[in-house]
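Asks: Structure here, sequence nowhere to be found:
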């Protein structure tokens, strides 16, 4: 499993992608304010963070499960594109395990890794942490659209 992009190209891709998301305010992607933490082309990994906004919590005052899924799916999707250099990938399948409650104001850190990158399919896993406590896990399969 070799990265198609080198370290600098991968970092540039992620930073540019995150910047683009917020420049397109009409896009649903602009609603998630990710911060770039790190990435590794060699390991096929990425780390992003997000501060939970009060608008993202449910009636129990905890981060909505759909938002957790969205955060993790987005991080794994960004990683899949950055790692492989594929222009267009779509989520084929995603599974999320919710382990702990997350609250408004919490800073979440999402660590995602590529487990397999083929000519059409990219498999990924991710973990979401709050204050170094594992709060959710996920795995996803992405499909390269020609």
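Replies: Now that the structure is in, tell me what you want to look at. Treat the numbers as computed from the prediction; the structure is a model and nothing was measured.

Asks: mind checking how far the helix of greatest length in the chain is from the chain centre?
Replies: In the chain, with assignment by DSSP state H, the single longest helix is helix 65-84. From the chain centre to the centre of helix 65-84 is a distance of 3 Å (CA atoms, centre = their mean, to the nearest Å).

Asks: next SSE after it?
Replies: Using DSSP states H and E, the helix or strand that follows helix 65-84 in sequence is strand 89-98.

Asks: Run through the neighbouring helices and strands of the lowest-mean-pLDDT helix or strand in the chain.
Replies: Least confident helix or strand, the chain: helix 7-23 with a mean of 84, by mean pLDDT, DSSP states H and E. When contacts are defined as 3 or more CB pairs under 8 Å, 6 or more residues apart in numbering; DSSP states H and E, helix 7-23 sits against strand 35-40, helix 65-84. Any C-beta I mention is one placed from the backbone N, CA and C, and that applies to glycine too.

Asks: Give me the buried positions along the longest helix of the chain.
Replies: For helix 65-84, a neighbour-count test (16 or more other CB atoms under 10 Å) marks 67-84 as buried.

Asks: Kindly report the same for stretch 126-138.
Replies: Quick answer for stretch 126-138 (16+ other CB under 10 Å): 126, 127, 128, 129, 130, 135, 136, 138.

Asks: what bridges to residue 140?
Replies: residue 94, residue 124 (DSSP bridges).

Asks: Pretty sure residue 6 is one of the things residue 13 touches, is it not?
Replies: No - using CB atoms under 8 Å as the test, residue 13 is too far from residue 6 to be in contact (10.6 Å).

Asks: When those two are compared, which one has more neighbours?
Replies: A direct count of neighbours by other CB atoms under 10 Å for residue 13 and residue 6 places residue 13 higher, at 18 against 11.

Asks: List the contacts of the residue lying closest to that one once chain neighbours are set aside.
Replies: Distances taken as CB to CB, 6 or more residues apart in numbering put residue 82 closest to residue 13, at 4.5 Å, once the chain neighbours are dropped. If you count contacts by CB atoms under 8 Å, 6 or more residues apart in numbering, residue 82 has them with 5, 10, 13, 14, 17, 39, 46.
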